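Asker: Make a model of this:
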Amino acid sequence: MVTGSAITAGVLLPGLIIGLEKPLKIFWKNMDERARERELRRTITYMKSRNLIRGNYEHGLQITNKGRKRFEKIELEQIRVQKQKYWDKKWRIIFFDIPEDKKSGRDALIQKLKQLEFYQLQRSVWIYPYPCRDAIAKIASFYRIDTFVTYIETIHIDNEKKLKEKFKNLLS
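Answerer: Have a look, this model is predicted:
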């Protein structure tokens, strides 16, 4: 699986392989050249059988649309909002009005907001104390609901004391 992720990343973002060099060396350190070659070919065969890549090992590999979607989903699952060293006293508010025909995207967005520890102010209004525009944009774009999601930064909000209490573990 490590090899498969590295190959996918390398096909999508060739410069990323440089960043994966150390973890791959650790994974492969006890393998001889033939074992590494076998592992690489096994991974490529698996990915080709799942229609994630096409082409061949010697002449180059291309990621398929299915492979790209799978990689995007893995990337989506790994999205995190970085806690800042110091809070800038701004609140990030995400609100949305997503039509019923996009219900699965709305539900997925809500699940991700919960996972990221956003606080629900109202039915479709969520708040967070740290910058998260890029994360929200990626999530909304993945589910094709970006035109229905709005991101706002503000320095004033009623009931700020309650919100600070809610986020006290993040704001320390």
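
Asker: distance of the residue nearest to residue 121 when sequence neighbours are not counted from residue 94?
Answerer: Excluding the flanking residues, the one nearest residue 121 by C-beta to C-beta, 6 or more residues apart in numbering is residue 127, at 5.4 Å. In this view, the C-beta of every residue, glycine as well, is placed from N, C-alpha and C. Using C-beta to C-beta, to the nearest Å, residue 127 is found at 8 Å from residue 94.

Asker: so what sits against both of these two?
Answerer: Taking C-beta atoms under 8 Å, 6 or more residues apart in numbering as the contact definition, residue 127 and residue 94 share the neighbouring residues residue 118.

Asker: give the contact list for the residue nearest to the spatial centre of the chain.
Answerer: In the chain, the residue lying closest to the centroid (C-alpha atoms, centre = their mean) is residue 76, at 2.6 Å. Neighbouring residues of residue 76 by C-beta under 8 Å, 6+ apart: 112, 138, 139, 142.

Asker: cool, residue 91 as well?
Answerer: Contacts of residue 91 were listed using C-beta under 8 Å, 6+ apart, and they are 127, 128, 129, 153, 154, 155, 157, 160, 163.

Asker: can you pull the pLDDT of it?
Answerer: Among the per-residue scores, residue 91 holds a pLDDT of 97.

Asker: next one: residue 98
Answerer: Looking at residue 98, its pLDDT stands at 97.

Asker: With residue 5 instead?
Answerer: Here, the pLDDT recorded for residue 5 equals 55.
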